[in-house]
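Asks: this one's sequence-less:
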DNA sequence: CTCAATTCCTATTATGTCAATAGGCTTTGT
DNA sequence: ACAAAGCCTATTGACATAATAGGAATTGAG
């Protein structure tokens, strides 16, 4: 029931770029700030790039930038893009095969409720919300 | 992000036994009703047995019964027993290793919210609730 | 114009977990 | 006594995850 590193890293990449608005970050910069393998990150950021969530500049002095304002991205957009559906069971995912048991299956109801609860959270939190939390955490550290 | 068959089967086993109160069900009966491999189910029901969620009778004419009333079991009890923590990231699970990033990690907040939402659902739904849903589904089928 | 810095692309691999299978041992009612 | 059941532990096949690897393409700076 865990979210894989792919989705988690994608979220951290987007957060990192959201925290560096107006700058171009090289892959290796993001990787070292986030302590993620460069080569693995390369594959993940490629997905974000193809979806248009980040913009890349090729060649020397190239790198990545976030494409839109942090408040335009929900966590759900990012996790679904990289993880696929967050349905707790296959039969609830978007293009699921029809299940023969669905007529009498009562347990699916609990999975629907879990799914709804998860979607509600991830679709109502944006990168900007998380940035605000991050800033608050930093302030708190300073006080201590 | 899916719940494994282990937890899902465990829930179905408990539901099956909850629907056969007062009867003794052999492993093979449950397996055939639920269309689960007998041998695999054996391992899962062993966990339920050791936890005291079901009672077994050994020897000829033996089998399994649910130990307590369906309303006494939350879905959370059953899923956690068989799946472990349903935390969406390792660092939120009960006996998690301390994470060096936790001080500045903002993304963990979204995982906390997901975790809370999931726990809220599974801890507030009992087998009895699901039995009621099942009965309603059956009535609906009859009307059609 | 060349070169170094950077992104882009595809293939391969190591590891681990899941889901199941297998086979024999133990208990108990008839 | 024996057949019918549960109990126990080991093994395996398949698959996904999480990387690693290596080179091709692009581009700004000197």
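Replies: Yes, it's here. Note that the structure is a prediction, hence the values are computed from the model and not measured. Numbers count the residues shown, from 1 in each chain, chains lettered A, B, ... in the order given.
Asks: which secondary structure element is home to residue A:56?
Replies: strand A:54-57 (DSSP states H and E).
Asks: quick one: buried residues of the next helix or strand after that strand?
Replies: Downstream of strand A:54-57, the first helix or strand assigned by DSSP H and E is strand A:63-66. Using 16 or more other Cβ atoms under 10 Å in any protein chain shown as the test for burial, strand A:63-66 gives A:63-64, A:66. Backbone N, C-alpha and C define where each C-beta goes, glycine included.
Asks: any chance of TSV for those residues, columns distance to DNA strand D and pLDDT?
Replies: Output for those, formatted as TSV (distance: Cβ to the nearest atom of the strand, whole Å; pLDDT from 0 to 100):
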residue	distance to DNA strand D	pLDDT
A:63	11	98
A:64	14	98
A:66	19	98
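Asks: what is the strand holding residue A:56 packed up against?
Replies: If you count contacts as 3 or more Cβ pairs under 8 Å, 6 or more residues apart in numbering or on different chains; DSSP states H and E, strand A:54-57 packs onto helix A:5-18, helix A:38-50, strand A:63-66.
Asks: re earlier: format the buried residues of strand A:63-66 as TSV; extra columns: distance to residue A:82.
Replies: Shown next, in TSV, are the buried residues of strand A:63-66 (distance: Cβ to Cβ, whole Å):
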residue	distance to residue A:82
A:63	20
A:64	15
A:66	15
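Asks: out of those residues, who's nearest DNA strand C?
Replies: Distance to DNA strand C across the buried residues of strand A:63-66 (Cβ to the nearest atom of the strand) is lowest for residue A:63, with 4.1 Å.
Asks: partner residues bridging the closest one?
Replies: Bridge pairing for residue A:63 (DSSP bridges) gives the partners residue A:57.
Asks: show me what from chain A comes close to DNA strand C.
Replies: Chain A has residues A:26-28, A:42-43, A:45-46, A:49-50, A:56-64 near DNA strand C, with proximity defined as Cβ under 7 Å from any atom of the strand.
Asks: out of the residues you listed, which are buried?
Replies: A:27, A:45, A:63-64.
Asks: which SS class is residue A:97?
Replies: coil (DSSP: H, G, I helix; E, B strand; the rest coil).
Asks: and the residue lying closest to residue A:91 once chain neighbours are set aside, how many residues sit next to it?
Replies: Counting by Cβ to Cβ, 6 or more residues apart in numbering or on different chains, residue A:91 lies nearest to residue A:99, which is 4.5 Å off, once chain neighbours are set aside. For residue A:99, the count of nearby residues is 13 (other Cβ atoms under 10 Å in any protein chain shown).
Asks: right, and residue A:99 touches residue A:105 too?
Replies: Yes: assessed by Cβ atoms under 8 Å, residue A:99 is found in contact with residue A:105 at 7.1 Å.
Asks: from residue A:116, how far out is the residue sitting furthest away from the middle of chain A?
Replies: Most distant from the centre of chain A: residue A:104, at 35.1 Å, with distances by Cα atoms, centre = their mean. Using Cβ to Cβ, to the nearest Å, residue A:104 is found at 21 Å from residue A:116.
Asks: great, nothing more from me.
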